[in-house]
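Asks: Here you go, sequence then predicted model.
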Amino acid sequence: MNSGVLPSRPVKRPSAKPCVGSKLLPVAAERREDISNLIHKFGFEMPRCSACFRAERPHCVVSEGKQRCDFCVSKKYFNCDFGGVSSQSFARVSREKDRIDEQKEQAEADLQDALARLQRLRCQEKHLREKAAEMVRRGCG
């Protein structure tokens with residue numbers, strides 16, 4: 001972490017009328033951007049949330065009492081996990097890994113059964129060919 005001084009962030013709205021292309025920003029978007037700027041200005045750094053990590057942002061800035069960082073507020077992301085990943089997230093990933101492992105084991109067992117069946121069918125086909133060849137030899141003799 002740095003010495004507590006956060007780099008300034010450019011305000012995205014011009015001083016005249018807030019515009020995106022030729023359209024005015026809706027009031028909610030304007031308010032969201034204002035809140036995001038305040039969080040950035042008066043907040044403090046925390047370990048990056050998932051959204052900041054994916055966006056390759058150098059830091060995640062949060063304000064006391066807020067549930068989302070400045071970036072998540074500005075992008076309308078509702079699941080901000082600043083401060084690290086929760087134990088619930090780890091548990092969910094662990095359960096998913098267990099489920100996938102079980103499915104892999106079942107698929108491997110199914111594959112072994114199918115390969116054994118294929119081997120039996122090939123053996124039956126080989127014996128059938130040998131029997132047909134013997135019948136041809138007897139009939140032509």
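Replies: Thanks, I have it.

Asks: following the helix or strand where residue 52 lies, which helix or strand shows up next?
Replies: Assigned by DSSP states H and E, residue 52 falls within helix 50-54. In the C-terminal direction, the helix or strand that comes right after helix 50-54 (DSSP H and E) is strand 60-62.

Asks: what stretches of the protein score poorly on pLDDT?
Replies: Counting by pLDDT under 70, the chain contains low-confidence ranges at 1-25, 83-87, 141.

Asks: roughly how far is the longest helix anywhere in it from the heart of the chain?
Replies: Ranked by residue count and defined by DSSP state H, the top helix of the chain is helix 87-140. How far helix 87-140 lies from its chain's middle: 33 Å, per CA atoms, centre = their mean, to the nearest Å.

Asks: tell me what the helix holding residue 52 is packed against?
Replies: Applying 3 or more CB pairs under 8 Å, 6 or more residues apart in numbering; DSSP states H and E, one finds that helix 50-54 contacts helix 70-74. For every residue, glycine as well, the C-beta is placed using N, CA and C.

Asks: which strands and helices sit next to the helix it packs on?
Replies: Packing partners of helix 70-74 (3+ CB pairs under 8 Å, 6+ apart): helix 27-42, helix 50-54, strand 60-62.
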